[in-house]
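> What would the 3D arrangement of this be:
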Amino acid sequence: VSGGDDEIQQLQKALLDYLDKNTETDASLVFSRKFYIAQWFRDTTMETEKAIKSQKDEDSSEGTHAKDVETTGQIMHRAESRKIFLRSIMKTTPSQFSTLKMNSDTVDYEDACLIVRYLASMRPFAQSFDIYLTQ
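So this is what the prediction gives:
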């Protein structure tokens with residue numbers, strides 16, 4: 001996985017599919033599925049807010065940079081596409097979600113654990129963990 005948005009969405013969809021498929025054996029997975037969707041939605045919202053704030057800070061201190069505005073626009077576009085993806089997943093009932101399966105037969109428990117670890121490594125705390133240890 002190269003870490004692009006499409007790959008991350010595929011991993012998210014595979015993880016949600018795994019959770020959905022195994023809710024019959026463990027009811028707590030329903031909560032886990034909803035938690036992940038909510039957390040990813042929150043992360044997207046926070047990323048958008050940070051981009052807007054950094055753009056306003058740069059505009060007030062240094063003037064407008066076309067490159068920064070373009071980057072902020074790209075972040076906003078990516079965030080909106082992620083939100084659309086997550087909203088479509090939220091609107092999908094678990095029984096309908098099984099029809100959207102993508103390579104669901106290849107995701108088992110070990111794969112799901114690996115996906116969770118990879119997606120967690122993309123979070124800000126995991127990326128700055130060395131800084132926290134140093135301090």
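> What are the buried residues along the longest helix seen in the chain?
The residue-count maximum for a helix in the chain (DSSP state H) belongs to helix 28-62. Buried residues in helix 28-62, counted by 16 or more other C-beta atoms under 10 Å: 29, 32-33, 36-37, 40-41, 43-44, 47-48, 51, 55. For every residue, glycine as well, the C-beta is placed using N, CA and C.
> what's the closest of those residues to residue 114?
For the buried residues of helix 28-62, the minimum distance to residue 114 (C-beta to C-beta) is 15.0 Å, reached by residue 36.
> coming back round to it: could you dump the buried residues of helix 28-62 into CSV with distance to residue 72 added?
Listed next are the buried residues of helix 28-62 as CSV, based on distance: C-beta to C-beta, whole Å:
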residue, distance to residue 72
29, 37
32, 33
33, 32
36, 27
37, 25
40, 21
41, 20
43, 17
44, 15
47, 11
48, 9
51, 5
55, 5
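> where along the chain do the helices fall?
Here the chain has its helices, by DSSP H, at 5-21, 28-62, 66-91, 94-97, 109-121, 124-127, 129-134.
> thinking again about what came up before, give me the helices and strands touching the longest helix of the chain, please.
In terms of contacts (3 or more C-beta pairs under 8 Å, 6 or more residues apart in numbering; DSSP states H and E), helix 28-62 is packed against helix 5-21, helix 66-91.
> and if we set it to 10 Å?
Counting contacts by 3 or more C-beta pairs under 10 Å, 6 or more residues apart in numbering; DSSP states H and E, helix 28-62 packs against helix 5-21, helix 66-91, helix 94-97, helix 109-121, helix 124-127.
> for the ones you listed, which one ends up most surrounded?
Compared across the helices and strands packed on helix 28-62, helix 5-21 shows the largest average neighbour count, a mean of 18 (mean count of other C-beta atoms under 10 Å).
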